[in-house]
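Participant: generate coordinates for the sequence data below:
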Amino acid sequence: MRRFLTPLARPVTYTRWLHLLIPAAVVSVWLFISMDTPWMPVLLAVPVGLIPAMRLAEGVQAQLLLTPDERGSPDASISAAVTATWADRWRTVLWLEVRLVLALAAGGATIWLPATTVDLILIGLGKDPGDNGLLAYFDPHGWSALLLAPLPMVLLFPVVVLAGALATTAARQLLGPSPAERMTALEELTEQLLERNRIARELHDSIGHALTVAVVQAGAARTANDPEFTERALAAIEETGRDALDDLERVLGVLRESGTPVSRRPTLGEADRLLDSARGSGATVDAEMSGTLDQVPGPVSREGYRILQECLTNVLRHAGSVPVRVRIAVMSGCLELEVANPLTESSGLPGSGSGLRGIRERAALLGGEARTGPCDGEWRVHVSLPLDRIR
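Facilitator: Got it, this is the predicted structure:
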């Protein structure tokens, strides 16, 4: 009994009932206008369903009344979009026809079953309800009519629940996303995941670099016992922290507004800022740049900046204030970037961290490659990024 009564306590049961009664009301209005052409609404459903915007209207209404829990969800089983293909338009036509049939069944049950209950009560009270209705085929009398009076109302509830379930199933099949729409949604989800991964790398590179520089500078200032050096270290920490805050604000802006242009991200044209930051941390940086950085496409230049930032951060974190050799060359169809520093006993072989993995991932996404590891007494990172593929 509890299982039978559970659907009656769910609000969606009654919103589905309302969804079924809406076209029944439209058909009733038409029958009031012309009783001779009851088939006209079924015929008119064909051209109406072929209107592209009709699927949007039906989808919004079905989501709101049939599946309210899925309203606004990107994974909704009922699509609320304008039709883009003829196959979707004909599915909409079929949905309208199915909806009309279910509406007539639900509307008839809504009218005739309660009316039958009233007639049975009148018969039980000794009154004549007339020959109209379902009782025209039966002849109950006296107390038997009163005992049968609740039966039509009891039958109404399973009819409402069943018709609502059938309408929901039909809507999911006929108004659900097409294969092309599912593919588009999957592509959008993939882009969102890639954007989240990129933002995670952005935060790792920017904030990690700033904290590494701050730690190195603070440690050097504490041991130097030189007021002038301490002043320079504090100035470098302040500048690096300010840049990190700017980067953090920009990344948070991307999270708040998906339309934030990526052109605001730093490029290799601002590499001097990274080199000066490393020099301010005590490292001796020998930098050599060849070629025209202005010819480098934006995506390559932006990722190249982050790769250089991660390389310098790793040097300061694992090797400390050591000589660093930086080579950036723009060749024919390729950007070559190399960062090398001497291996020390304290530096170890940092080849499994998330920073180096991020460098390899950035290079791979651009169709390039990154080689990291010890070579001739140095820890070397060599990255090659193609330019022609981006163009």
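Participant: mind listing residues that contact stretch 378-391?
Facilitator: The contact list for stretch 378-391, computed with Cβ atoms under 8 Å, 6 or more residues apart in numbering, reads 295-297, 299-300, 303-304, 307, 311, 314-315, 318-319, 330, 333-343, 347, 349-350, 356, 359, 363, 366-374. C-beta here means a position set from N, CA and C on the backbone, and glycine is covered the same way.
Participant: can you tell me which of these end up in strands?
Facilitator: 330, 334-342, 369-374 (DSSP state E).
Participant: any of these buried? List them.
Facilitator: Val330, Leu335, Glu336, Leu337, Glu338, Val339, Ala340, Asn341, Ala370, Thr372 (16 or more other Cβ atoms under 10 Å).
Participant: right, and the last one touches Ile359 too?
Facilitator: Right, the one you point to is Thr372. Yes: assessed by Cβ atoms under 8 Å, Thr372 is found in contact with Ile359 at 6.9 Å.
Participant: assign a three-state SS to the residue lying farthest from the centre of the chain, would you?
Facilitator: Here the chain reaches farthest from its C-alpha mean at Gly126, the gap being 65.2 Å by Cα atoms, centre = their mean. Three-state call for Gly126 (DSSP: H, G, I helix; E, B strand; the rest coil): coil.
Participant: state the distance from it to Glu239.
Facilitator: 99 Å (Cβ to Cβ, to the nearest Å).
Participant: swap in Val159?
Facilitator: Counting by Cβ to Cβ - Val159 and Glu239 are separated by 74 Å.
Participant: now do the helix or strand containing Leu44: which elements does it pack against?
Facilitator: For Leu44, the element it lies in under DSSP states H and E is helix 40-49. Of the remaining helices and strands, those touching helix 40-49 by 3 or more Cβ pairs under 8 Å, 6 or more residues apart in numbering; DSSP states H and E are helix 11-33, helix 86-124.
Participant: among these, which is the most enclosed?
Facilitator: Compared across those, helix 86-124 shows the largest average neighbour count, a mean of 18 (mean count of other Cβ atoms under 10 Å).
Participant: now do that helix against helix 11-33, angle only.
Facilitator: Between helix 86-124 and helix 11-33, the angle comes out at 90 degrees (axes from the mean of the first three to the mean of the last three Cα atoms, to 10 degrees).
Participant: could you pull up the mean pLDDT of helix 86-124?
Facilitator: When pLDDT is averaged over helix 86-124, the result is 85.
Participant: how many neighbours does Thr212 have?
Facilitator: 21 (other Cβ atoms under 10 Å).
Participant: list the contacts of it.
Facilitator: Thr212 sits in contact with Thr313, Leu316, Arg317, where contact means Cβ under 8 Å, 6+ apart.
Participant: phi and psi next, for it.
Facilitator: phi -60, psi -50 (degrees, to the nearest 10).
Participant: what about Leu385, helix or strand, and which?
Facilitator: strand 378-386.
Participant: strand partners (parallel or antiparallel) of that strand?
Facilitator: strand 334-342 (antiparallel), strand 369-375 (antiparallel) (DSSP bridges).
Participant: can I get it in PDB, CA atoms only?
Facilitator: Output in PDB follows, covering the C-alpha atoms of strand 378-386 (Å, rounded to 0.1, in the frame of the first residue of the first chain):
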ATOM      1  CA  GLU A 378      74.100  19.900 -15.700                       C
ATOM      2  CA  TRP A 379      70.400  19.700 -15.100                       C
ATOM      3  CA  ARG A 380      68.900  20.600 -18.500                       C
ATOM      4  CA  VAL A 381      65.500  21.400 -19.800                       C
ATOM      5  CA  HIS A 382      65.200  21.600 -23.600                       C
ATOM      6  CA  VAL A 383      61.800  22.400 -25.200                       C
ATOM      7  CA  SER A 384      61.000  22.600 -28.800                       C
ATOM      8  CA  LEU A 385      57.700  24.100 -29.900                       C
ATOM      9  CA  PRO A 386      56.500  24.200 -33.600                       C
END
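Participant: in this structure Ile328 contacts Val300, no?
Facilitator: No: here Ile328 does not reach Val300: they are 11.7 Å apart, not a contact under Cβ under 8 Å.
Participant: which of the two has more residues huddled nearby?
Facilitator: Val300 (24 against 21).
Participant: show me what contacts the more buried one?
Facilitator: Applying Cβ under 8 Å, 6+ apart, the residues near Val300 are Leu335, Leu366, Leu385, Leu387, Ile390.
Participant: among the ones in strands among the contacts of stretch 378-391, which one lies nearest to Arg232?
Facilitator: Asn341 (22.1 Å; Cβ to Cβ).
Participant: for Ala283, see how far away the closest one is.
Facilitator: 8 Å.
Participant: thank you kindly, that will do.
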